[in-house]
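Asks: Any chance you can model this:
(2 chains)
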Number of protein chains: 2
Amino acid sequence: MKRIFLLGLLIVVAAPLPADEGMWTLDNFPSAVVKEKYGVDLTDTWLETVRSSVARMDSGCSASFVSPNGLILTNHHCALSCISQNSSAKNDLEANGFLAATAEDEVPCQTDRISVLIETEEITRQVAAATAGKDDVKAADTRRRTLKRAVQDCEETSGLKCESVALYQGGQHWLYKYKRYDDVRLVFAPESDIAAFGGDPDNFNFPRWCLDMSMLRVYEGGEPASTPNYLEWREEGLDAGEAMFVAGRPGRTQRLLTVSDLKFLRDTSIPHWLLRYVELRGRYIQFAQTSDEARRIVHAPLQGIENGIKVQRKRLDALHSDALFAQKEQAERALKAAVAADPVLAAEVGSAWSTIERANETYLGFRDDYIFIEGGAAFNGKLFNYARTLARAAAEREKPNAARLKPYTEAALPRRKQLLLADRPVYPELETLQLSFSLDKMREFLGPDSTFVHEILGRKSPEALAAELVAGSRLADAAVRAELWSADWATIRASKDPIMRLALAVDDRARALRKRYEDEVEAPVDRAYEKIAKALFAIHGTSTYPDATFTLRVSYGAHEGWTEKGSDVRPWTTLAEIYPRVTGEAPFRLPASWADAEKSMPGGTKFNYVGTTDIIGGNSGSPAIDRDGRLVGLIFDGNIHSISGSYWFDSELNRTVAVHPEIMIESLRSIYGADHLLEEMGIPER
Amino acid sequence: MKRIFLLGLLIVVAAPLPADEGMWTLDNFPSAVVKEKYGVDLTDTWLETVRSSVARMDSGCSASFVSPNGLILTNHHCALSCISQNSSAKNDLEANGFLAATAEDEVPCQTDRISVLIETEEITRQVAAATAGKDDVKAADTRRRTLKRAVQDCEETSGLKCESVALYQGGQHWLYKYKRYDDVRLVFAPESDIAAFGGDPDNFNFPRWCLDMSMLRVYEGGEPASTPNYLEWREEGLDAGEAMFVAGRPGRTQRLLTVSDLKFLRDTSIPHWLLRYVELRGRYIQFAQTSDEARRIVHAPLQGIENGIKVQRKRLDALHSDALFAQKEQAERALKAAVAADPVLAAEVGSAWSTIERANETYLGFRDDYIFIEGGAAFNGKLFNYARTLARAAAEREKPNAARLKPYTEAALPRRKQLLLADRPVYPELETLQLSFSLDKMREFLGPDSTFVHEILGRKSPEALAAELVAGSRLADAAVRAELWSADWATIRASKDPIMRLALAVDDRARALRKRYEDEVEAPVDRAYEKIAKALFAIHGTSTYPDATFTLRVSYGAHEGWTEKGSDVRPWTTLAEIYPRVTGEAPFRLPASWADAEKSMPGGTKFNYVGTTDIIGGNSGSPAIDRDGRLVGLIFDGNIHSISGSYWFDSELNRTVAVHPEIMIESLRSIYGADHLLEEMGIPER
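Replies: Residues are numbered from 1 along each chain as shown, chains lettered A, B, ... in the order given. The predicted structure is shown next:
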């Protein structure tokens, strides 16, 4: 049997040993399968170590504690926003790397926040009870209010930070309770040239040579936090074929989507996203050529969208695969047939698929308006984002908590405030480029005859308007933002800042579009997926995993390569193999500190490696863990085939890519002289 | 009955009055249908007028004679290459427009060539006889040689310029015999701001206000050519609802493609094209912002790719329409069933569709290599193009005519030479941008581990290599190119010019990929389409039209609007309506010469209008003609729905967009003071 797809197998009677598929919640981890397949008996202690040592970076990554003093290991690209916020033309931490000699030298990551899961609580019944008997729109509204209240109650009673999580596309609702660290500082970062060696060309490729690591530290009360639960290193890493585990926060998979939703992604969402971002990429690249400073300031945003472009391109390729659609269609047909065969399910669930199809048709009629006006695609850049946050926060704070937009509830406001007040550099040239680009795309997508476009542009070109708005705004100043954050709604409404005025001017229409989306798309679709989940549970139980939701999950697998066009790919690389790849020009250039690496580190030092574990974006920074709970690597990527993991798991080809402990420890020791960190992590001198 | 699709109707028994569908050859024009539907009896004289007055611009447009002295009317965008070649920072004809006061002032269009069809001759039998009984690869080779020989014989015996044309995807082969004009000069061009008023945002939109016209003149022996057959103006244009005809050279439709080929376009060809050109668009736009001169030199290439992007985007939208695929699948099923029901056809044709499907799978395996290496997508810019032409011309001239690559046969060489030797400006900054961009995309699509990529880039970045190649090459100098054009193969092979060396270095691999494409894709696919055409003819006769092939076609229809989202679109615009649209900023800016237009021309002057005629890219510059053979407009675009015309004709929505004679004549008179041209065209003074 070639490729095995567990979700497909839901509908197949006799299953062989399953593939290493799934991003599992701790309460539903398939320990029996792992034991049977790998002979590994994971204890409750092992699972508890995972829960307490593995952290979420709220900016969208994973991480783990690696010392009792709040020291954190994650990827360089996960710390990139912190690194670039702390960089300037004179002190370029992206280019030159960073190592704090002492705790006093560690620099604040103003927009970072770390959350550690403490406990979870299922509230599916409460939600179901509240929404029962209501029509879709009323149910959706009630569901939102119920969840906001539950989160608020949770925070008040537990003293923890709470979030609601919908698993199985709303088939289950949970409260996730976190300990949260708001004070995060940068401890160590290598140079971008080695962290992202190979740049965009090598991104998602393997074999690979990236030291995509960084170290952060969480503080409490101005002191390094005490983190008694942390992972210990196993410097030599995994043996070939050995069982491997990944614990982290996979962001989003869409494996349970209906065929209609997958087609919508293929025909509309992904192509439209690509059409915008690929052009922006071209503008960034050309902008970078205007000066060294331009190159520096656009480096991080460019890296971000290039990664996104590769992901979306490969997702589109996956959605163009006949095999994928055949499998999805077959699974959907089988589930529909099972539903139809059960009169109770048929009556309750039967219409769910056509509901989603109709909602997609409805959405298509106003999607461009929604994306550009409410989604903000017309107004790229930090400044508009600040303005909208300020305008909405002031308006929403006047309402009762459960009636607010979710990002402005009491539980969510601290994060809004943190992101708003962080004193990050705003580069007017880049802001103007971004805003002018997005206004131009607004005109392209909504059309030059759109009333909205006329109102926004008037008689100005996108370039002229963007330049004028950016030049006239004072929102780049964190002190100005802080003042406005404390202001009331009347003051905000009267602001004369031109970007505040823009945000205020579009807000009614933006909110109306959001309401339309919620009522005409989200409400029926959420209810439909709830029904489909009910059918799945009724027919198959919860023997599978929910789609990824940026919450804690554990994957299992083995340290193994794959076969690419008939050739076996060895599952690891070594230091010696990087040199033939070095051209001396970006992105195939080694930093100066690595000039003597060939002498100072053994050529056999393992660099990057792969495994069969099931991961997705958001897993970046996740620790790879062995059967004994030791740290055996740092996930930073997947191979090119892993991108189709958004929609299905192809066990033959999908591979996790990790930084090997050997190169991390070796370079900390020999290149960066970070002996104090090695000591803190309990790594013995050589 | 709503939308009517003639190709779909092929398989339906009872047909209502057909839609205005089809780009018909003169020998097969549906005069009976036109008579029945519009009461118009087109005479042989009418058809003969069309043949002799309508011309092809070999660069890819249509045109017509409008005086007995070689005066030609076409679009501004069709003359744009000539206009921009004759522009400089000091004398910017794109920005400022151009009017030759006398014949002496008319400026050469060095890369333009005009062809007038004299006669056609069917050679299907000859080709069939030559290829009969041969396997696909052998048949393809024989077909190519047979056609090259037929063209050569035709030129020698007729004294005309001959081309072979495959109609119905190879179901018929023809010789088209032309009178050719190599000396083309620019007579008149308005300013870009009014020619392309609304720019990319308004492109393919309607209502519309573009004076997208220009005038050229053909010369023979240094004197204006005598062109006794030309179109006379009907200044007031068509009445609403009146029958309208378009004669021109539609470039390419793909309405007879199989479902497998349409999927290939949807899933591979179009997305990949967009991914490259949308990024290049971003680079062009950002480059334009670096200086006024940068903006000037990138204007024409940017306009070109923006048009292409809009076309490809809307084609993709069309291919994402479920209705389109349902109709195509139904038609294909019906044709297959008809074939299966006839034992003779079944044996001969039955496998054609699966052959095409398999060929597409094969092609997918090396398409990126083919597009980048042989297709030249890795090496954008004029310089590489010159180098490849020089290298191939020298190598091919050593071979017998029938064994050469088609662009280097005796019949085709004059055009190669004209394009190569034209003394057009080469802008090193733009060349470097284009080459560096394409080398970067080569690395992205072929992958950083591709041997070819390593050989081309070595240890250099795309930017560094491109800059070095452009700086080191002398091919920008037309005299250098002329010298190399006369050189023999040994001299060319020894060239030290770095871009010549690059072209020579990749040529073996490029040719091997071409051979592979010809043998593994083209040969079986051509043969399969030949079989499908045979089935179509056997079942339906030639009661339909062939896909467009950049040869003379006539479409019929009426001067009528359409209904857009429930509102009727009036089928014309007037001058007065442009002013509210003018913002003063590009692309909604009027040129200085139009400052007094509001006073000097009546507000009711008709500007642009639409009709139901079936057109496609390549029809640009076509005359609109009335029942009496008079000129009633100048085709320059279609509405946004016309783009799906590549794949089907949607009679409800697809509309031709034309410049109205009133605005052309009025502005020549009142704005441009071109009384001598009006007089030459026989237009009386007001």
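Asks: Indicate the residue of chain A located nearest to chain B.
Replies: In chain A, no residue comes nearer to chain B than A:Gly282, which is 2.4 Å away by CB to the nearest CB. C-beta coordinates here come from the backbone N, C-alpha and C atoms, glycine included.
Asks: Which secondary structure state is assigned to that residue?
Replies: helix (DSSP: H, G, I helix; E, B strand; the rest coil).
Asks: so it touches B:Leu280, yeah?
Replies: Yes - with contacts counted by CB atoms under 8 Å, A:Gly282 reaches B:Leu280, the gap being 6.2 Å.
Asks: shared neighbours, those two?
Replies: Taking CB atoms under 8 Å, 6 or more residues apart in numbering or on different chains as the contact rule, A:Gly282 and B:Leu280 both touch B:Phe437.
Asks: Quick one: residues contacting the residue of chain A closest to chain B.
Replies: A:Gly282 makes contact with B:278-286, B:437, according to CB under 8 Å, 6+ apart.
Asks: What about A:Val40, how many residues nearby?
Replies: Look at A:Val40: counted by other CB atoms under 10 Å in any protein chain shown, it has 17 neighbours.
Asks: cool, and A:Gly350?
Replies: Residues near A:Gly350, counting by other CB under 10 Å: 17.
Asks: pretty sure it contacts A:Ala340?
Replies: Yes - if you go by CB under 8 Å, A:Gly350 and A:Ala340 touch, sitting 6.7 Å apart.
Asks: Where do the helices of the stretch 51-200 of chain A begin and end?
Replies: Residue ranges of the helices in the stretch 51-200 of chain A, as given by DSSP state H, counting those that start in this stretch, are A:80-85, A:93-96, A:124-131, A:136-158, A:192-195, A:199-202.
Asks: what stretches of chain A score poorly on pLDDT?
Replies: Across chain A, residues meeting the criterion (pLDDT under 70) sit at A:1-17.
Asks: hey, which helix is longest across it?
Replies: helix A:292-319 (DSSP state H).
Asks: same for that one, what does it pack against?
Replies: In terms of contacts (3 or more CB pairs under 8 Å, 6 or more residues apart in numbering or on different chains; DSSP states H and E), helix A:292-319 is packed against helix A:80-85, helix A:93-96, helix A:199-202, helix A:270-288, helix A:428-446.
Asks: For the following helix or strand past it, buried residues please.
Replies: Next along the chain after helix A:292-319, taking DSSP states H and E as the criterion, comes helix A:322-340. Neighbour counts over helix A:322-340 (16 or more other CB atoms under 10 Å in any protein chain shown) mark A:324-325, A:327-328, A:331-332, A:335-336, A:338-339 as buried.
Asks: any idea how chain A splits into domains?
Replies: A:6-113+A:182-252+A:546-638+A:649-680, A:115-181, A:260-320, A:351-545 (automatic domain parsing).
Asks: so can I have a markdown table of the ones you listed showing distance to B:Arg149?
Replies: Below are the domains of chain A laid out as a markdown table (distance: least, CB to CB, whole Å):
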| stretch | distance to B:Arg149 |
| --- | --- |
| domain A:6-113+A:182-252+A:546-638+A:649-680 | 42 |
| domain A:115-181 | 65 |
| domain A:260-320 | 42 |
| domain A:351-545 | 49 |
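Asks: The ones you listed: which one's closest to B:Ala674?
Replies: Among the domains of chain A, domain A:351-545 comes nearest to B:Ala674, with 30.3 Å by CB to CB.
Asks: The closest one and chain B, are they touching?
Replies: Yes - Domain A:351-545 is in contact with chain B by CB under 8 Å from any CB of the partner chain, via A:433, A:437, A:443-444, A:447-449, A:457-461, A:463-464.
Asks: which two of those lie the greatest distance from each other?
Replies: The span of the residues of domain A:351-545 next to chain B, defined through CB to CB, is set by A:Leu433 and A:Asp449 at 26.0 Å.
Asks: Pick out whichever of those two has more residues nearby.
Replies: A:Leu433 (28 against 13).
Asks: Would you mind listing what in the stretch 101-250 of chain A touches chain B?
Replies: When proximity is defined as CB under 8 Å from any CB, the stretch 101-250 of chain A approaches chain B at A:198, A:200-202, A:205.
Asks: State the pair within these that is farthest apart.
Replies: A:Asp200 and A:Asn205 (10.0 Å).
Asks: Neighbour count for these two, which is higher?
Replies: Neighbour count, other CB under 10 Å: between A:Asp200 and A:Asn205, A:Asp200 has more, with 20 against 16.
Asks: Quick one, which of the helices of the stretch 51-200 of chain A gets closest to A:Thr551.
Replies: Nearest of the helices of the stretch 51-200 of chain A to A:Thr551, taken as CB to CB: helix A:136-158 at 14.0 Å.
Asks: which parts of the closest one are buried?
Replies: So, applying 16+ other CB under 10 Å, buried residues of helix A:136-158: A:136, A:139-141, A:143-152, A:154-155.
Asks: among these, which two are most distant?
Replies: Every pair of the buried residues of helix A:136-158 checked by CB to CB; the farthest is A:Asp136 and A:Glu155, at 29.0 Å.
Asks: just to revisit the earlier point, ok, which of the domains of chain A comes nearest B:Phe649?
Replies: Taking the domains of chain A one by one with CB to CB, domain A:260-320 is closest: 22.0 Å.
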